[in-house]
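> show me the folded form of this:
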Amino acid sequence: MNDTSPAHGPGDDAVAQAAQRLLKAVDDHVPCAPVRDLIGRDDVKAAYAVQELLTARRLEAGGRVTGRKIGLTSPAVQQQLGVDQPDFGVLFADMSVNDGGSVLVGELLQPKVEAEIAFVLGAALAEGPLDAAQIRAAVAHAVPALEIVDSRIADWDITFADTVADNGSSALYVLGSPAKPLADFEPVEAAMTMKRGEETVSTGNGAACLGDPLTALGWLARTARDVGDPLRAGQVVLSGALGPMVPATAGDTFTADISGLGSVSVRFHASGHGHSQEGATA
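Numbering: from 1, shown residues only. Just a heads-up that it's a prediction; the model follows:
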């Protein structure tokens with residue numbers, strides 16, 4: 001990892017300025033310049049400090065946390081961004097879209113869609129060794145999911161720090177059906193096909209997600225505990241993309257099928273009534 005951040009790291013003022021730049025992009029509905037000029041390209045601490053500031057702002061406005069998303073689980077994407085680790089973002093209740101629901105594309109900036117396996121936790125992951133056995137036992141069930149990612153940074157010109165600060169470039173998520181316990185479904189063996197209309201636009205498998213989506217969940221559990229905000233029972237975890245993300249435009253319908261698990265879909269429309277994403281990017 002090539003560290004281009006200042007020797008002593010950015011101060012609170014730089015973190016606050018980065019957060020304000022991202023908030024202004026949301027408020028103005030105009031993508032902004034990257035924030036790495038303020039916090040460095042890959043300063044992990046500073047990037048999460050920005051994310052925490054934006055999360056606090058959202059909680060103050062009445063937001064409710066429903067879980068986390070894991071990003072940068074693909075070795076190819078990590079190599080592209082010059083990092084050697086995943087990242088995470090926070091999921092809020094108003095980011096959830098019903099399976100088969102519709103999203104008003106004009107309320108997003110530059111959305112893309114990726115297919116994932118989501119885990120719903122039946123137990124907290126705050127104590128104990130957080131080893132593979134404990135991670136597996138904590139999962140109540142898995143469901144197919146779509147994550148709608150949407151960078152607030154113009155042209156998706158992001159480094160590790162940019163995407164972390166921007167809440168993992170998250171926007172919305174869709175949970176499909178059915179829900180299956182891990183006794184009936186093995187995430188690493190899953191194959192994914194995502195279609196836009198009738199055209200296959202993304203394929204992948206469980207091994208594309210850090211070698212196993214449960215490995216990604218374990219990484220998140222340990223990281224979340226380390227930062228003092230462990231995963232809790234009932235939370236949703238989007239475990240990471242199983243294949244390439246695909247840009248979305250008005251009129252698109254995306255359907256992902258995950259073998260052994262099920263399917264999930266979402267559509268995008270240009271106007272009228274649909275899911276409102278107001279504030280869903282902070």
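
> which residues does the closest residue to T163 other than its chain neighbours contact?
Spatial nearest neighbour of T163, excluding adjacent residues (Cβ to Cβ, 6 or more residues apart in numbering): S169 at 4.8 Å. (Glycine included, C-beta is placed from N, CA and C.) Counting by Cβ atoms under 8 Å, 6 or more residues apart in numbering, S169 touches G71, G89, V149, D150, S151, R152, W156, I158, T163.

> ends of stretch 198-214, how far apart?
30 Å (Cα to Cα, to the nearest Å).

> any idea what L146 is bridged to?
Note on L146: beta-bridge partners A115, V174, judged by DSSP bridges.

> ah, wrong one, I meant F254
With DSSP bridges as the rule, F254 is bridged to R196, V266.

> so it touches M245, yeah?
No: counting by Cβ atoms under 8 Å, F254 does not reach M245; the two are 10.6 Å apart.

> identify the contacts common to these two.
V113.

> in the stretch 151-282 of the chain, which spans are helices?
160-165, 213-226 (DSSP state H, counting those that start in this stretch).

> now distance to D99 and mean pLDDT too, for those, in JSON lines please.
Below are the helices of the stretch 151-282 of the chain laid out as JSON lines (distance: least, Cβ to Cβ, whole Å; pLDDT from 0 to 100):
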{"stretch": "helix 160-165", "distance to D99": "26", "mean pLDDT": "95"}
{"stretch": "helix 213-226", "distance to D99": "19", "mean pLDDT": "97"}
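
> give me whichever of those helices is most buried.
Of those, the one with the most neighbours on average (mean count of other Cβ atoms under 10 Å) is helix 160-165, at a mean of 28.

> CA atoms of that one as CSV?
Output of helix 160-165 as CSV, limited to C-alpha atoms (Å, rounded to 0.1, in the frame of the first residue of the first chain):
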residue,chain,number,x,y,z
PHE,A,160,-9.5,3.6,-0.7
ALA,A,161,-9.9,6.7,1.4
ASP,A,162,-12.5,8.3,-0.9
THR,A,163,-14.8,5.3,-0.8
VAL,A,164,-14.5,4.6,2.9
ALA,A,165,-15.2,8.3,3.7
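
> how far off centre is that helix?
Taking Cα atoms, centre = their mean, to the nearest Å, one finds helix 160-165 lying 12 Å from the centre of the chain it belongs to.

> OK, contacts around L175?
Here L175 is in contact with S96, D99, A118, V143, P144, A145, V236, V264 (Cβ under 8 Å, 6+ apart).
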